[in-house]
Each structure stands twice: as C-alpha cells, then as structure tokens.
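Colleague: What shape does this take:
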Amino acid sequence: MYGAPHIVSDVMTHTVAAVGPRASFKEMVRLMQDRKVSALPVIEGEGRVVGVVSEADLLPTEELRDDPDVGYLRLRRPADLAKAEAVTAAELMSSPAITVRAGATLAEAARVMARARVKRLPVVDDRQVLQGVVSRADLLKVFLREDEDIAEEVRREIVSHVFPPPSAVGVEVRDGVVTLSGTVRDSSLLPVAARLVRAVEGVVDVEFGLTADGGGREP
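Modeller: Next up, the predicted model:
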C-alpha cells in the first residue's frame, strides 16, 4: 500500500575516509581535519570494519597532557587513562564498531545513532566490509522533500484508503506540516490516519480540520 521508505544507501556518503589499525595519532587528527569528519572507521584486510576512532577517543591525550591532580584522575575511566597514552588506531579505537547495513531504513539508522549516542555510523555489508558512512545530517535529508511530493503520497497512499468516498478529505502541506481538511465518514479513523501520515518521510507534523458527516467538528 505505501511507498517504499528511503534506506541508508540512498543518503549515505560512498567515499569514506578510513584508516588502518597502525595509523598514527597525528595521521588520524590530520585526516579528520582535512576531511571535516568527527570519526574514522578502522579497517583491515579487504575493508572489514574492526573499530571506529572518534574525536572523543583522541581527546584524553590533550585532556591529560599536563599533570592533573590525583582527585581528577580518579574520576576518569580506566579506558580514558589508557587512551591518553595510546598512539595508534588499534589502541585508540572503540571496538567492536557500531555499524548499520545499507538496506536499513533511515528510522532504524536514527535509532541506532540515538542509542549509541554517536553522530556517524559506518555502513557495512554482510561481511562487515565498509560500504560508506551515514551521518545525522544525511538522515535529515528527507526533510528537504518538496511539499507537493509529500501531499501526493499522502493523497495516494493514505487518504484514498483510509477515507474513501463518501468522505471528502483534502491534503495541504506547508513546510512539511500536513493538514487534512474536509468531511469524514468515520472519525474513529483519525488516530490511524495521523500515525500513517507521520510515518511518511519528510512529514514534520499533522493537523486536522475535519468535520464528521454527522456535523461534529473533529480536533
């Protein structure tokens, strides 16, 4: 019934900055600066992702470079203290890497990012071979979708099925906010319609200006 959702491969960056396990600290910092990224996949063999080095992994070296007091050191995690003396990607990386498949939906990728509290995810195939990288900014691209494209999908895939004649429902979209107006035969279907419309990619919110056939105004 509904159009196929966008998947990670639709929005990911295919040309990826990555390093090997022996990459040096300075090499990684320089690559992050040059490519304007906050994390680097660590790959070995034929491109299998074995870890990720992020800015957070590199910062303990600067944070603990001087001689902090003993009380401050006690507050730091042992892993952070170890990373302060690390010099290669293998020593600094977070492993196993948190990854996502190219065929995952954008919603699935967003949930992985939120749970892991990361800004970027390596995209891998079934063998964990690097295919690309997807970022938070990539996942937000669906909100650049044209309003009329959203309206057409809502009319075709949702309104025509949930509110068939004699209901008469119009669809207007402005800046991603969908407004459904007109008359409906069965007002109990409004929560269903709201849920389905919010699932359409690019939709920011849903508003109703509907009247039931019996004359009762719906919120």
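
Colleague: lowest confidence element among the helices and strands of this protein?
Modeller: In the chain, the helix or strand scored least confidently by mean pLDDT, DSSP states H and E is helix 70-75, which has a mean of 44.

Colleague: who's in contact with the one residue sitting closest to the centre of the chain?
Modeller: Taking Cα atoms, centre = their mean, the centroid of the chain lies closest to Ala110, which sits 3.2 Å from it. Applying Cβ atoms under 8 Å, 6 or more residues apart in numbering, we find Ala110 in contact with Leu139. C-betas here are computed from N, CA, C, even on glycine.

Colleague: Which SSE is immediately downstream of whichever strand or helix holds it?
Modeller: Following DSSP states H and E, one finds Ala110 within helix 106-116. As assigned by DSSP H and E, the chain's next helix or strand after helix 106-116 is strand 120-124.

Colleague: Contacts for the helix or strand following that following strand, please.
Modeller: Using DSSP H and E, the next helix or strand after strand 120-124 towards the C-terminus is strand 130-135. Contact partners of strand 130-135, identified using Cβ under 8 Å, 6+ apart, comprise 8-9, 11-16, 18, 37, 41, 43, 47-49, 100, 102, 109, 119-125.

Colleague: just the buried members of these?
Modeller: 8, 11-12, 16, 18, 37, 41, 43, 47-49, 100, 102, 109, 120-124 (16 or more other Cβ atoms under 10 Å).

Colleague: residue ranges with poor pLDDT in this structure?
Modeller: 1-5, 61-85, 214-219 (pLDDT under 70).

Colleague: Is Asp205 bridged to anything, and to what?
Modeller: Val177 (DSSP bridges).

Colleague: Assess the claim that it and Arg174 are in contact.
Modeller: No. Under the criterion of Cβ atoms under 8 Å, Asp205 is not in contact with Arg174, lying 10.5 Å apart.

Colleague: list the residues that contact both of the two?
Modeller: Joint contacts of Asp205 and Arg174 (Cβ under 8 Å, 6+ apart) do not exist.

Colleague: got the angle for the helix holding Ala110 vs strand 120-124?
Modeller: Computed by axes from the mean of the first three to the mean of the last three Cα atoms, to 10 degrees, the angle separating helix 106-116 from strand 120-124 equals 120 degrees.

Colleague: Which of the residues in helix 106-116 are classified as buried?
Modeller: Those would be Leu106, Ala109, Ala110, Val112, Met113, for helix 106-116 by 16+ other Cβ under 10 Å.

Colleague: same thing with stretch 160-174?
Modeller: Buried, per 16+ other Cβ under 10 Å, within stretch 160-174: Val162, Phe163, Ser167, Val169, Val171, Val173.

Colleague: how about the CA coordinates for it, as CSV?
Modeller: Taking Å, rounded to 0.1, in the frame of the first residue of the first chain, the C-alpha atoms of stretch 160-174 are listed here in CSV:
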residue,chain,number,x,y,z
SER,A,160,-7.6,7.2,-0.7
HIS,A,161,-7.5,4.0,1.5
VAL,A,162,-8.4,5.3,5.0
PHE,A,163,-11.1,7.8,3.9
PRO,A,164,-12.7,6.5,0.7
PRO,A,165,-15.8,8.2,-0.7
PRO,A,166,-18.3,9.4,0.5
SER,A,167,-15.6,11.0,2.8
ALA,A,168,-14.1,14.1,1.1
VAL,A,169,-10.6,14.9,2.5
GLY,A,170,-8.3,17.4,1.1
VAL,A,171,-4.5,17.4,1.7
GLU,A,172,-2.3,20.5,2.1
VAL,A,173,1.4,20.5,3.0
ARG,A,174,3.3,23.6,4.1
